[in-house]
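Asks: structure for the following, please:
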Amino acid sequence: MTVIEKEESPAWVPPDWHYIEQAHKRGLGVVRMARGQTIAGANGTMYYVHGSDIIKQYADGRTEAVGLPKEGRELVINGSVIIPPFGTNQRRYMDVLGTRRLKMPDGYAIHGTNNPSSIGRAVSHGCIRMLNADIEYLYPLVPVGTMVYIY
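Replies: You can find the predicted model right below:
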């Protein structure tokens, strides 16, 4: 593979399988939210996309943007994990990939982690995770276009 992009403070935009996997782990359903769609919640609340945010509208008309996601705390409405549309803030996870990322094709990357104890464990779906100090050392040494061989 080839390094195609470098990022500092990268956000993770999970693919659909992440939400499906989280729902199965928790015994919940899955609903793929689309722009223009409204999802009814409990107590007269409604959820819809406005601009870059999923909005929660209360029965009294008040609105607020749904909080930004944290790993393991996906938006759940009526017993279903919601798959946010691409381009919404609720589909961007900050601080999961550590401080740096070297992107490669097909969603693979070499990146840091917010969970150093996970290094060496089978918790990735194909990325190479490093301690933040190690990726910070490697990052300036690797220009875009560098070939990456994984054995």
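Asks: quick check: which ranges of this protein have low pLDDT?
Replies: Along the chain, segments meeting pLDDT under 70 span 71-72.
Asks: what domains does the record give for it?
Replies: With domains defined by automatic domain parsing, the chain comprises 5-12+94-141, 16-90.
Asks: distance to residue 147 for the ones you listed - can I get that in CSV?
Replies: Backbone N, C-alpha and C define where each C-beta goes, glycine included. Formatted as CSV, these follow (distance: least, Cβ to Cβ, whole Å):
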stretch, distance to residue 147
domain 5-12+94-141, 10
domain 16-90, 28
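Asks: number of residues surrounding the residue lying closest to residue 52 once chain neighbours are set aside?
Replies: Leaving aside its sequence neighbours, residue 52 sits nearest to residue 89 (Cβ to Cβ, 6 or more residues apart in numbering; 5.2 Å). Using other Cβ atoms under 10 Å, residue 89 is surrounded by 17 other residues.
Asks: contacting residues for residue 89?
Replies: 52-54, 65, 68 (Cβ atoms under 8 Å, 6 or more residues apart in numbering).
Asks: try 7 Å this time
Replies: Applying Cβ atoms under 7 Å, 6 or more residues apart in numbering, one finds that residue 89 lies in contact with 52-53, 68.
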